[in-house]
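Novice: this is a predicted model, with the sequence first.
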Amino acid sequence: MKYITKDGSFTLLNTDYNETYHPISGAIKGAYKRFIEPTLLGDVAKRGAIKILDVALGLGYNIAAAIEDIKKKNPDCIINITTLEKDSNVFSLIKKLNPNIKSYKIIKELAREYEKSKKEGKADEIVIKHGNIIIRALIGDAVNTISRISTKFDAVFLDPFSPQRNSELLSPDFLSKISLRMKKKARLATIIKAGKLKDSLKDAGLKIVAGTPEGRAPGIVAVK
Ligand SMILES: C[S@@+](CC[C@H](N)C(=O)[O-])C[C@H]1O[C@@H](n2cnc3c(N)ncnc32)[C@H](O)[C@@H]1O
């Protein structure tokens, strides 16, 4: 089911969770306000290379918007994104969507690559290279697939469904695995502000620096 959000962009309902992939307050606007701006991608991009961990891909709006923003700040920036997603159905949804984000064509390329790899019987990891952009998608429960990552990231987008239904992505153990993969001064942004999340992030070695202004909940920004 398709919903039009308040910024005019569309989102979809995930029927397993009975939740939309993005807030009705604005799917694309929310990506910028709640993930891209709080993680200061533009500042990192000016240094010439950026590594982003995206939990989770969903419909790929956050990473498409991130690529768009980075390219505006520094067209030559080398962009390396690792995205984790357990539901391979998102790729067929992505193929049908056309959000107003120029770089979404790269997310569609990722979806096509998934279909190709699936036919070849190796659909647990997809890598695409598009100019100076590399996207690696690990398909499976992020709680497990995170162990396959040895990269250290400049920014983390933590974008689960609601904490009641998606608690594994907010567990202290998972957060500490994320923290271990963040560079010093790297930023994590999430729209979730569930009771113990701040404490779990602090226990994982992160410092809370702000709430994000938009979204279902005020959210949290934390720095390593
Ligand atoms: C709110 S949506 C993410 C929206 C996405 N960031 C975007 O920009 O379109 C949450 C996503 O988390 C995925 N997910 C939920 N639990 C997961 C898990 N344990 N491991 C990996 N992905 C998970 C869901 O399948 C869903 O696609």
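Specialist: Alright, I've got the coordinates. If you're wondering where the values come from, they're calculated on a predicted model, not measured in any experiment.
Novice: just the mean pLDDT for stretch 8-21, thanks.
Specialist: Average pLDDT, stretch 8-21: 96.
Novice: cool, stretch 184-201 as well?
Specialist: For stretch 184-201, the per-residue pLDDT averages 90.
Novice: quick one: distance of it to the chain centre.
Specialist: Relative to the centre of its chain, stretch 184-201 is centred 14 Å away, using Cα atoms, centre = their mean, to the nearest Å.
Novice: contacts only, for residue 84.
Specialist: Going by Cβ atoms under 8 Å, 6 or more residues apart in numbering, residue 84 touches 53-57, 137-138, 140, 142, 145-146. To be clear about C-beta, it is placed using only N, CA and C from the backbone, and glycine gets the same treatment.
Novice: now do residue 210
Specialist: Residue 210 is in contact with 38, 220-221, counting by Cβ under 8 Å, 6+ apart.
Novice: same thing but 7 Å
Specialist: Residue 210 sits next to 38, 221 when contact means Cβ atoms under 7 Å, 6 or more residues apart in numbering.
Novice: who does it bridge with?
Specialist: For residue 210, the beta-bridge assignment (DSSP bridges) gives partners residue 221.
Novice: quick one on the thing from earlier: how about JSON lines for the contacts of residue 84, with neighbour count, pLDDT and distance to residue 110 added?
Specialist: Output for the contacts of residue 84, formatted as JSON lines (neighbours: other Cβ atoms under 10 Å; pLDDT from 0 to 100; distance: Cβ to Cβ, whole Å):
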{"residue": "53", "neighbour count": "25", "pLDDT": "98", "distance to residue 110": "16"}
{"residue": "54", "neighbour count": "25", "pLDDT": "98", "distance to residue 110": "11"}
{"residue": "55", "neighbour count": "23", "pLDDT": "98", "distance to residue 110": "16"}
{"residue": "56", "neighbour count": "22", "pLDDT": "97", "distance to residue 110": "13"}
{"residue": "57", "neighbour count": "28", "pLDDT": "98", "distance to residue 110": "8"}
{"residue": "137", "neighbour count": "30", "pLDDT": "98", "distance to residue 110": "6"}
{"residue": "138", "neighbour count": "22", "pLDDT": "98", "distance to residue 110": "12"}
{"residue": "140", "neighbour count": "17", "pLDDT": "98", "distance to residue 110": "16"}
{"residue": "142", "neighbour count": "25", "pLDDT": "98", "distance to residue 110": "17"}
{"residue": "145", "neighbour count": "19", "pLDDT": "98", "distance to residue 110": "16"}
{"residue": "146", "neighbour count": "19", "pLDDT": "98", "distance to residue 110": "19"}
